[in-house]
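Engineer: Provided below are the primary sequence and the corresponding predicted coordinates.
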Amino acid sequence: MITIRSASLAFGDHVLFSGLDLDVGRGRLVGLTGESGCGKTSLLRAVLGFVPLTSGTIKVDKWPCDATHVHEIRRATAYVPQELQPPAVNGADLLRLTHELTANQSQVKPESVDALMVLLGLEPSLLELSAAKLSGGQRQRLLLAAALAMPKPYLLLDEPTSALDEESTQRVGQALQKACREENRAVLVVSHDSTLLTYCDRVVAFAGTSQPITVDNAAVYSPEI
C-alpha cells in the first residue's frame, strides 16, 4: 500500500497542496486530477523520493520514503512520466530501453509484452517502425505496455492518455483495471481525461488552494468537481 499522511508541498511561498491523506491499496486504481500546477506530478515524484514534502509522510509497503529506503521503493515501482524520450531506434528498442531504465530486463517476459500490446490495440509491426515515425499515442501505449510488463507491484503514471482518442483511452482504462484486479497492483495515475478517470476506484481533485478533495466511485466523476 502507498500511504500518504498530512502531506503538504510548497516551493518557497507557493503552496501546491496541503493536508493530503491518501491510501492506495493493492488492487486499487486511484486518479489525481485538477488544474495544472497544483502538484499532481510533484506528488508522484515525491512518492519516489525525487521531490521532498514540505511536511507529512509517505510510506510505500513497509518502507518510509527516506534516504535509507527510497531505493527499495523505486525497485518496487514502475514510473512512466509524461515526457519520456529514450533515444530509441524503433518500437522494440523503445521497449528495451524503458526496461533497462527501471527493471531487470530478464524479468520481463516477451509474451507479457505481446499480450499487453494486443490489449492496448497496438499492432506488432510497430516494433519495427522507426521511433521517429511513431505517433504520440503509439509511443504512450508502448511505454505503458513496457511498464505493465514489469513485475512490479506499484505503478505511477503521468497523463498516459493525453495523446489518445476515446477508444484507445478506454483500452488503457481496461488494462489498468486488469492490472489492479487480476495482478493485485496499486496504480496511481495523473490525468485530466474524464474518460480514464471513470475507470478509477477513487479520484483526488486538486483545487489549487489547500486540501485536495477525494471522491469515491469515479463513475460519478465530473470535470466540475
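Structural biologist: Yep, that arrived.
Engineer: What is the three-state secondary structure of the spatially most central residue of the chain?
Structural biologist: Closest to where the C-alpha atoms of the chain average out (Cα atoms, centre = their mean) is residue 157, at 1.5 Å. Secondary structure state of residue 157, per DSSP: H, G, I helix; E, B strand; the rest coil, is strand.
Engineer: In contact with the residue nearest to it when sequence neighbours are not counted: list those residues for me.
Structural biologist: For residue 157, ignoring the flanking residues on the chain, the nearest one in space by Cβ to Cβ, 6 or more residues apart in numbering is residue 189 at 4.3 Å. Any C-beta I mention is one placed from the backbone N, CA and C, and that applies to glycine too. By Cβ atoms under 8 Å, 6 or more residues apart in numbering, residue 189 lies in contact with 29, 30, 31, 32, 156, 157, 158, 160, 176, 196, 200.
Engineer: Could you pull out the strands in this protein for me?
Structural biologist: 2-11, 14-24, 29-34, 55-60, 63-64, 77-80, 154-158, 186-190, 202-206, 213-216 (DSSP state E).
Engineer: so how far is the first one off the chain centroid?
Structural biologist: Relative to its parent chain, strand 2-11 has a centroid offset of 17 Å by Cα atoms, centre = their mean, to the nearest Å.
Engineer: Show me what counts as buried in it.
Structural biologist: 2, 3, 4, 7, 8, 9 (16 or more other Cβ atoms under 10 Å).
Engineer: isn't the fourth one right up against residue 15?
Structural biologist: No - using Cβ atoms under 8 Å, residue 7 and residue 15 do not qualify as a contacting pair, with a distance of 11.8 Å.
Engineer: list the residues that contact both of these two?
Structural biologist: With Cβ under 8 Å, 6+ apart as the test, residue 7 and residue 15 reach no residue in common.
Engineer: lowest confidence element among the helices and strands of the protein?
Structural biologist: The weakest-scoring helix or strand in the chain, judged by mean pLDDT, DSSP states H and E, is strand 213-216 (a mean of 59).
Engineer: burial count for the nearest residue to residue 69 once chain neighbours are set aside?
Structural biologist: Nearest residue to residue 69 in three dimensions, chain neighbours excluded: residue 63, at 3.8 Å (Cβ to Cβ, 6+ apart). The tally of other residues near residue 63 (other Cβ atoms under 10 Å) stands at 16.
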